[in-house]
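Participant: predicted coordinates and the sequence they were generated for:
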Amino acid sequence: MERLVIHKPSPDAGRLPNLSDYDATRGYFSWDLARAWLNGLPAGGVNIAHEAVDRHLPQRADQPALRVIHQDESVSTYTYGRLAEDTARFANVLRSLGVSAGERVFSLLGRRYETFVVCLGTLKNRSVSSQLFTAYGPDPICQRLQIGDARVLVTTRALYRRKIAASRSRLPMLEHVLIVDDDGDVETLGFGRALDAEPPAFDIPATDPEDMALLHFTSGTTGTPKGAVHVHDAVVAHYATGLYALDLHQGDVFWCTADPGWVTGTSYGIVAPLTHGVTVVVDEGEFDSERWWRTLAREHVSIWYTAPTALRMLMTGSGSPRAEHDLSALRFIASVGEPLNPEAVIWGQDVLGLPVHDNWWQTETGGIMIANFAGCDLKPGSMGRPLPGIDAALVAIDDDGEPVIADGEAQLVSSPEETGILALRPGWPSMFRDYLHESDRYRACFKGGWYLTGDLAQRDAGGWYWFVGRGDDVIKSAGHLIGPFEVESALLEHAAVAEAGVVGKPDPLAGAIVKAFVTLQEPYEPTDALRLELIGFARKKLGAAVAPREIEFVSHLPHTESGKILRRVLKEAP
């Protein structure tokens, strides 16, 4: 199949990219080499927070680490020195509360300065950091806090009242809730007051690279959300992928638009750019095309990492961004969250003067695995090629879509453009180490010597990978991964619902929206009023980002012989 190629920029087109000779770099690269790029803890081992903040002192103490854009578009700047002090204070807060290594500290804050303080301060204390998506409803939040055995939660007063307070009795391990925007009460503690009471220095204890550091949640098609466990050694991959896939250089201003409640917002909104000592832009506001163009121009953003949904929304706007805004600082655009259609890549080239570089990874991989690189040819619509240090392949599938394993070895696809299960050879530093409390589910991800991603893909003769589809039914909507089982379970709590089947319906902006097929209990009748009631019911429980946008009433749902809902058939419904 003939596919468009955008050729790599010439060497004199500006700053030389970090990866320009792909084959040569893959030839000499090793993860041990990447570990040598970081400096390790004075006390021994490796700690993500040390590599992201403290190792930059004193050389960059006065350099801006974060530029936070508030709702009114005023800007607050925080230096690496300030971030080091505040994260040390929070580590001391945790120590004073008796929170120890390995215990889980959650934040429900969104894009704001305190999220960085909580995440990195937690890691300094060798506790485990987990960020929650603020658009979730009370039930998904409570469920994740339960799975994670949350000991501490940091949030705002409004979010606590709306999404936590009523569930507090179901969270016996949650001993401490810190509120960032007031002084606390009988149930909570004041975050600012607690921080001010502690010294701005903290000696990070020796940290085993395999110590649990980050807990990211991902959803499957059945069962509860899974808590993917990542370790401190993941920072090696965060740094290397920031170098190669995002082309970070000293002096860059970096903007990742992802919410920290998703793995992208932590791995590439917090960790990777800070390990490179660049300035990170954080926007507290929601998407607004003109606001985004102003931010890119005013903050002189040079590296922009965003999502296909946002790009598609920007593509629908009128005007000429480069004529109306000074975007001359921008030199590299990357996208993640769902496959990027070729039109968006070409739109970037035509409208912004820069193509959009797609890349691929998962919550479980912890970092970018396949990418289109700044210094290499780009094929619009392709996921790209594997990162140095990443061994990728396609595992053959049988007629039932199952991987072909013979004598304990996975059978690999060899011919170009044949579809197989995208697989990665285990061993990269940011590979997840377990599903918390669900080790059997974790082990099931590895077969025949490979980690099976569950995604179907093709590989062309040049080694570029092309996404085909999910091997399961996870819905990707506006960059969010949504498990149908979670939505179905919420709908079933309504007295009118007998059964529910949830699928993703293609949508030109969001990629997919959540659609539910519902059968009703007697004596309920399928009316527009009931449809609106069910949507409102689901939104209250799950949040607008997860709840179904459409509900179709049906007399029955298709099932397998074992009783499972055939979502594949529902997807094919007109």
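Facilitator: Alright, I've got the coordinates. Numbering: from 1, shown residues only.
Participant: least confident secondary structure element in the protein?
Facilitator: Across the helices and strands of the chain, mean pLDDT, DSSP states H and E gives its lowest value to strand 480-482, namely a mean of 75.
Participant: so where do the helices sit in the stretch 301-450 of the chain?
Facilitator: Ranges of helices in the stretch 301-450 of the chain, per DSSP state H, counting those that start in this stretch, are 308-315, 321-324, 342-347, 439-443.
Participant: and if you look at the stretch 1-150 of the chain?
Facilitator: For the stretch 1-150 of the chain, applying DSSP H, counting those that start in this stretch gives helices covering 22-28, 31-37, 48-52, 80-96, 113-124, 138-147.
Participant: closest to A512 out of these?
Facilitator: Counting by C-beta to C-beta, A512 lies closest to helix 138-147 out of these; the figure is 18.5 Å. Heads up, the C-betas are built off the backbone N, CA and C, glycines and all.
Participant: mind listing residues that contact the closest one?
Facilitator: For helix 138-147, the external contacting residues (C-beta atoms under 8 Å, 6 or more residues apart in numbering) are 106, 108, 130, 132, 136, 153, 162-164, 166-167, 170-171, 174, 217, 224-225, 227, 436-437, 486, 490, 541-543, 546.
Participant: right, and the helix or strand after the least confident helix or strand of the chain?
Facilitator: Per DSSP states H and E, the first helix or strand lying C-terminal to strand 480-482 is helix 484-492.
Participant: who are the packing partners of the helix or strand following that following helix?
Facilitator: Per DSSP H and E, the first helix or strand lying C-terminal to helix 484-492 is strand 497-507. In terms of contacts (3 or more C-beta pairs under 8 Å, 6 or more residues apart in numbering; DSSP states H and E), strand 497-507 is packed against strand 475-477, helix 484-492, strand 511-520, helix 567-571.
Participant: please enumerate residues in contact with strand 497-507?
Facilitator: With C-beta under 8 Å, 6+ apart as the test, strand 497-507 has contacts from 473, 475-477, 482, 484-485, 487-488, 491-492, 511-521, 534, 548, 550, 557, 565, 567, 570-571.
Participant: same thing but 7 Å
Facilitator: Defining contact as C-beta atoms under 7 Å, 6 or more residues apart in numbering, one finds that strand 497-507 is touched by 473, 475-477, 484, 487-488, 491-492, 512-521, 548, 550, 557, 565, 567, 570-571.
Participant: that older thread, include mean pLDDT, mean neighbour count and distance to V336 when you put the helices and strands packed on strand 497-507 into a markdown table, please.
Facilitator: Output for these, formatted as a markdown table (pLDDT from 0 to 100; neighbours: other C-beta atoms under 10 Å; distance: least, C-beta to C-beta, whole Å):
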| stretch | mean pLDDT | mean neighbour count | distance to V336 |
| --- | --- | --- | --- |
| strand 475-477 | 82 | 21 | 11 |
| helix 484-492 | 84 | 22 | 22 |
| strand 511-520 | 94 | 22 | 12 |
| helix 567-571 | 85 | 17 | 24 |
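Participant: returning to what we had before: now, which of the contacts of helix 138-147 lie within strands?
Facilitator: F106, L108, S130, L153, F217, G227 (DSSP state E).
Participant: nearest residue to L189 in space, please, no chain neighbours.
Facilitator: Counting by C-beta to C-beta, 6 or more residues apart in numbering, L189 lies nearest to L178, which is 4.8 Å off, once chain neighbours are set aside.
Participant: ok, L66 - contacts?
Facilitator: Y78, L83, Y113, F116, V280, V282.
Participant: doesn't the fifth one fall inside a helix?
Facilitator: No - the assignment for V280, made by DSSP: H, G, I helix; E, B strand; the rest coil, is strand rather than a helix.
Participant: now do the same for it: its pLDDT.
Facilitator: Turning to V280, the model gives it a pLDDT of 98.
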